[in-house]
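[1] I would like to see how this sequence folds:
(one chain, ligands or ions: 2)
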Amino acid sequence: MTRIVIMGGGPAGYEAALVAAQNAAEVTLIEPEGLGGACVLYDCVPSKTFIASSGARSSARDARELGIRSRSEDTDVDVAVVHGRVKGLALAQSADVRSRVRREGVRVLTGRARFTSPTKGMAQHHVGVDLADGGFEELLADVVLIATGATPRILKGAEPDGKRILTWRQLYDLPELPEHLAVIGSGVTGVEFASAYTEMGVKVTMISSRDRVLPHEDADAAAVLEEVFAERGTEVVKHARAEKVERTDTGVLIHLADGRQVEAGHALMTVGSVPNTADIGLERIGIEPDRGGYIPVDRVSRTSVPGVYAAGDCTGVLLLASVAAMQGRIAMWHALGEGVTPIKLKTVAANVFTHPEIATVGISQQAIDSGEVPARTVMMPLATNPRAKMEGLRRGFLKVFCRPQTGVVVGGVVVAPNASELILPIAMAVQNQITVDNLAATFSVYPSLSGSLTEACRQLMRHDDLD
Ligand SMILES: Cc1cc2nc3c(=O)[nH]c(=O)nc-3n(C[C@H](O)[C@H](O)[C@H](O)COP(=O)(O)OP(=O)(O)OC[C@H]3O[C@@H](n4cnc5c(N)ncnc54)[C@H](O)[C@@H]3O)c2cc1C
Ligand SMILES: NC(=O)c1ccc[n+]([C@@H]2O[C@H](COP(=O)([O-])OP(=O)(O)OC[C@H]3O[C@@H](n4cnc5c(N)ncnc54)[C@H](O)[C@@H]3O)[C@@H](O)[C@H]2O)c1
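    Numbering: from 1, shown residues only. Ligands and ions are numbered 1, 2, ... in the order given. Just a heads-up that it's a prediction; the model follows:
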């Protein structure tokens, strides 16, 4: 029986454990915090639960435009209930994962793992576990999966104190909503929290080191978000690199690299993450992390050392729960000799959970505009969609990209309140190489937002095949 040891119980680790157990391996999973990992306990699940509450407040506000009013004009936020719900749901989800992996026969150890192999190049790997109860156990493994994830990056001079200067993991311990929150860093994490707190009625100031928010996402989508921020009074301070965050009597003072200063009540640091790869004994087996500390892997999750795989955020390959889980499963299928398709990043659908949401899949507009990928494009504003009008949606759009000659769909963007759901047909088209003609001929419900997808595809059909 193949002995498999998995370091880390996040989506990469626990999904791998399930696959390995189902394929008759002897599996031990080591995790110090709780199953589901940082994803379930601190990052993805809590933030999306908080965003669900902020979305409920937005719906109450937006309902007024549709003629529905509550007796009081004010919508109160019960922070204790919101935070309690966030933490409770995370713990419940973690417990669900724990019972699922246990049911499959996985041995779970609560502790911290590291390589303890005496020399490099051994056929079997030694993994030492510093157990939470103070004990130590050493395991012998034929295959090891490193799935240790990442933690919030700490900016020197802006060390979080959990009171006024916060990482996103400390937000749900605040006794009240901040009066004025400065969000430092305008990547996906930063804009999701900026949007959620804006929708909660908090005054928010975004500190963006670039000329726009979401520098790595679709520029038109980022522009929509900036419009919404402007309409809701959320200021975006651009070309602004925070150098230091200082505590004051009433809150925080943020010192920017160009000498500007921004005052706020609380500062939320969303300046990226660092992989948890420093203290796991990689040097003992001969794995050299890259400059960012990430573990290099190939498309079936192999590291440079035979029998050692890595998956998830510790590899730096698209930091998404869905990708982490797929890398973990692929690693196990490969290690156990099952047929496996290498991971295809161009088919990954992702969503930014702002208000409105931004969902993307496949080739980006930027890759097309730069000439890197030849494609025809269409952009349909939702404002012309009948269902959007009925729902009072003024902003948002849908983009579809296809190959110039064949019409095969290669990518798309959706900006809409439920973009995370609307992206699926485009993702299916990209994954299965479906053409715009096929999508155009598909019945969509009338009236529906997805009607804009079939309409977009009809527009892309109108072309000269001899182009
Ligand atoms: C605020 C936020 C929101 C996000 N929202 C989304 C989202 O909506 N959708 C999405 O797809 N992705 C989202 N992500 C990204 C997603 O959370 C990560 O991609 C995902 O958690 C990666 O899974 P993982 O298994 O690699 O690592 P993690 O979930 O980080 O799990 C790794 C685990 O390894 C454990 N560990 C560390 N060191 C050791 C050791 N030495 N021994 C044993 N165990 C160890 C840790 O305790 C941790 O529990 C979000 C990220 C952030 C920061
Ligand atoms: N909905 C989701 O799926 C979701 C949500 C959150 C995060 N994630 C994943 O996590 C990844 C990381 O996102 P992230 O936003 O945490 O990190 P990031 O590294 O993408 O963004 C951090 C931002 O902070 C800026 N920054 C760094 N130092 C700064 C400073 N001193 N002052 C001002 N700005 C500074 C950087 O320029 C960057 O734009 C994403 O790419 C995504 O894959 C996904």
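[2] Relative to Leu41, how far out is the residue nearest to the spatial centre of the chain?
    Centroid-nearest residue in the chain, with C-alpha atoms, centre = their mean: Leu320, separated by 4.5 Å. Plainly put, Leu320 is 17 Å away from Leu41 if you go by C-beta to C-beta, to the nearest Å. C-beta here means a position set from N, CA and C on the backbone, and glycine is covered the same way.
[3] Spatially nearest residue to the residue nearest to the centre of the chain (excluding sequence neighbours)?
    Excluding the flanking residues, the one nearest Leu320 by C-beta to C-beta, 6 or more residues apart in numbering is Ala350, at 5.9 Å.
[4] So for that neighbour, what's the pLDDT?
    On the pLDDT scale, Ala350 is placed at 98.
[5] from what I can see it touches Val361, true?
    Yes. Under the criterion of C-beta atoms under 8 Å, Ala350 makes contact with Val361 at 7.4 Å.
[6] Please say which of these two ends up with more neighbours.
    Counting neighbours by other C-beta atoms under 10 Å for Ala350 and for Val361 shows that Val361 has the greater number, 26 against 18.
[7] beta partners for the more buried one?
    Beta-bridge partners for Val361, by DSSP bridges, are Ala349, Gly412.
[8] give me every residue that touches it.
    If a contact means C-beta atoms under 8 Å, 6 or more residues apart in numbering, then Val361 has Thr347, Val348, Ala349, Ala350, Gly411, Gly412, Ile423, Ile426, Ala427, Val430 as its contacts.
[9] now with 10 Å?
    Val361 is in contact with 346-351, 401, 409-414, 423-424, 426-431, counting by C-beta atoms under 10 Å, 6 or more residues apart in numbering.
[10] just Lys399 next, same as before
    If a contact means C-beta under 10 Å, 6+ apart, then Lys399 has 218, 220-221, 360, 364-365, 377-380, 411-415, 426, 456 as its contacts.
[11] List buried residues within those.
    For those, a burial check counting by 16 or more other C-beta atoms under 10 Å picks out 218, 221, 360, 364-365, 377-378, 380, 411-415, 426, 456.
[12] Among these, which pair sits farthest apart?
    The most widely separated members of the buried ones among the contacts of Lys399 are Ser364 and Met380, with 17.6 Å between them, by C-beta to C-beta.
[13] Any figure for the gap between the residue in the stretch 51-200 of the chain that ligand 2 sits nearest to and ligand 1?
    Relative to ligand 2, the nearest point of the stretch 51-200 of the chain is Gly187 (2.3 Å; C-beta to the nearest ligand atom). Going from Gly187 to ligand 1 by C-beta to the nearest ligand atom, to the nearest Å gives 10 Å.
[14] pLDDT at that residue, what is it?
    pLDDT, Gly187: 98.
[15] Same check on Arg71?
    77.
[16] Over to Asp465?
    So Asp465 comes in at 54 (pLDDT).
[17] right, and Thr303 touches Tyr294 too?
    No. Using C-beta atoms under 10 Å, Thr303 is not in contact with Tyr294; the gap is 11.0 Å.
[18] Overlap in contacts, the two.
    Listed contacts common to Thr303 and Tyr294 are Ala310, Thr315; contacts here mean C-beta under 10 Å, 6+ apart.
[19] returning to that earlier point: helices - which of the contacts of Val361 land there?
    Counting by DSSP state H, those place Leu424, Ile426, Ala427, Met428, Ala429, Val430, Gln431 in helices.
[20] and the gap between Leu318 and Ala325?
    Distance of Leu318 to Ala325, computed by C-beta to C-beta: 12 Å.
[21] er, Gln261 I mean
    Counting by C-beta to C-beta - Gln261 and Ala325 are separated by 43 Å.
[22] more neighbours, these two?
    Remark: of Gln261 and Ala325, Ala325 carries more neighbours, 23 against 10, as counted by other C-beta under 10 Å.
[23] who touches that one in this structure?
    Each residue near Ala325 by C-beta under 10 Å, 6+ apart is listed here: 10-16, 18-19, 39, 147, 311-312.
[24] Around ligand 2, pick out the residues from the stretch 301-450 of the chain.
    Taking C-beta under 6 Å from any ligand atom, the part of the stretch 301-450 of the chain that reaches ligand 2 is made up of Leu318, Leu319, Leu320, Ala350, Asn351, Val352, Phe353.
[25] what number of residues lie near Ile68?
    Using other C-beta under 10 Å: Ile68 sits among 10 other residues.
[26] per-residue pLDDT, it?
    pLDDT for Ile68: 92.
[27] If you count contacts, what does the host helix or strand of Ile254 end up packed against?
    For Ile254, the host element (DSSP states H and E) is strand 252-256. Judged by 3 or more C-beta pairs under 10 Å, 6 or more residues apart in numbering; DSSP states H and E, strand 252-256 is in contact with strand 165-167, strand 180-184, strand 203-207, strand 242-247, strand 261-264, strand 266-269.
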